[in-house]
Structures are given as structure tokens and as C-alpha cells.
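1. fold the following.
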Amino acid sequence: MYTLRDAINNRYSTKAFDPDKKISDSDIELLKQVLRLSPSSTNVQPWHFVIASTEAGKNRVAKSTQENYKFNEAKVLNASHVIVFAAKQNIDDAHLDKVLAKESVDGRFEKGSEIEAQMNNGRRYFVGLNQTSDEAIKAWTGKQVYLNLGQFLLSTALLGIDSVPIEGFDAEILGKELGLTAQGFDPLALVALGYKDENDFNAKLPKSRLAIEEIITDL
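-> Numbers count the residues shown, from 1 in each chain. Here you go, the predicted structure:
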């Protein structure tokens, strides 16, 4: 049985993928649920994801890894799948109403109830605290997306799938190429997924992290 201990010790940032090894459809469907079920502040879910698995799709993503980010092109092209993590540029009433309506449909409260009003008012309060400027709301929605990304990386490791998070890409190019910018989203990160190439140098190196005593204080 592959345990959490195995996953956290074996997970590493994959530098080279075997292009001939593909992730199963069942694992991808499970990882889609990981993306969907991630926690976010007040359940605001300010994200969108693009999954590229075809050669054409990965080539579109790879357009953002040219010039200054050429070192990441092979990771994108040789991976089995590449996930684009994007955050909403702002939280409008339409999005808040959509989230509230879905919570009602899913049985979290009765429509028109006091609990519904409390959920709606509480979420709008926290959005308002963070939507004081374009920069402030983007910082807040970005935090929610990175909560999702962290859970996603651990989940891939538990499935025995290799991965690497990538910030080295041109977000402006990718946002335009995938239509994300026009939809009100900013691409923040990529995650390339698949199975490591046997010659990946990083797979053979030991992990290096600061000591527990340096990063954790017990009270």
C-alpha cells in the first residue's frame, strides 16, 4: 500500500518526463475531482483549469515557454498532461450568486433560509475586505489557487504520478492563447504530469530541507 509517508518522501520536482508513458483516464478523472473539491476561503472557488493532454494542446501551452522560459518547453511537451492553474481577476456578483445557488442545490441550506443569508453575507464580507484594489483581489484569489495547487501535488504523489509545478512561463502569452484573459482569469502556474524519464538527474538526488527544529515551533 502506497502511504502518505511514501508520497511525501518520494515526490520531487520532475525535470524530465518519459513521453511514451501516459496517465490513465481513471487517474485523470480522479485528479479532476481533486481540483474541484479543493478548499478555498469562504468556498469562493475563484479558479479555472485547462488540461492539455493532446500534442496540439500541449503545443499551445508551450507557446508560453519560449525565449526566456525555453528551459521549461520539454517538460510541457513530454509530459502526459499539463494543467494550467488560473485565478479570477475579480469576484463579481454573478460569481457569488452562482456559488450560492450551487450550495443550495447541493443541500448545504434551504433556499431563502437564514443560513443561506448568513453564508451569502459572510462570503461577500470577506470578498469586500480583499477587493479594495485590483492588486488586492488578485493576491487573494491567487492564494486560493495555490491552496488548490498544493493539494493537487500531494494527490498526484499519492497516485504514484510524477509532477513539477512551473511558474517559468509567459502568463500574458498563455492567457491570450487559451482565452483565459478574455474570460477574466490570470494563469498563475502550470503543473506538468506524467512519469519520469529514467535519466532524470533530479530523481537520483537526495531531498534537502531545513530541519524540523528550524521551521516548526511547538507550544
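2. any idea how far stretch 78-89 is from the chain center?
-> In terms of Cα atoms, centre = their mean, to the nearest Å, the gap separating the centre of stretch 78-89 from the centre of its chain is 7 Å.
3. now it: mean pLDDT?
-> Computed over stretch 78-89, the mean pLDDT rounds to 98.
4. could you point out the longest helix of the chain?
-> Among the elements of type helix in the chain, defined by DSSP state H, the one spanning the most residues is helix 134-158.
5. got the buried residues for that one?
-> With burial defined by 16 or more other Cβ atoms under 10 Å, the residues of helix 134-158 counted as buried are 137-138, 140-142, 144-145, 148-149, 152-158. For the C-beta atoms, the positions are set from N, CA and C on the backbone; glycine is no exception.
6. identify, from those residues, the entry nearest to Ser13.
-> Using Cβ to Cβ, the shortest approach to Ser13 within those belongs to Leu153, at 9.5 Å.
7. what sits against the residue positioned nearest the centre of the chain?
-> The centre of the chain sits closest to Leu149, judged by Cα atoms, centre = their mean, with a distance of 3.5 Å. Contact partners of Leu149, counting by Cβ atoms under 8 Å, 6 or more residues apart in numbering, are 85, 165, 189, 191.
8. show me the two of those that sit farthest apart.
-> Spatial extent of the contacts of Leu149 (Cβ to Cβ) is set by the pair Phe85 and Pro165 at 8.6 Å.
9. which neighbours do the two have in common?
-> Common neighbours of Phe85 and Pro165 (Cβ under 8 Å, 6+ apart) are 149, 189-191.
10. reformat these as JSON lines; add pLDDT, distance to Thr3 and secondary structure.
-> Conversion of the shared contacts of Phe85 and Pro165 to JSON lines gives the following (pLDDT from 0 to 100; distance: Cβ to Cβ, whole Å; DSSP: H, G, I helix; E, B strand; the rest coil):
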{"residue": "Leu149", "pLDDT": "98", "distance to Thr3": "22", "secondary structure": "helix"}
{"residue": "Ala189", "pLDDT": "98", "distance to Thr3": "27", "secondary structure": "strand"}
{"residue": "Leu190", "pLDDT": "98", "distance to Thr3": "28", "secondary structure": "strand"}
{"residue": "Val191", "pLDDT": "98", "distance to Thr3": "22", "secondary structure": "strand"}
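11. out of these, which one sits closest to Ala52?
-> Proximity of the shared contacts of Phe85 and Pro165 to Ala52 (Cβ to Cβ) peaks at Leu190, which lies at 9.1 Å.
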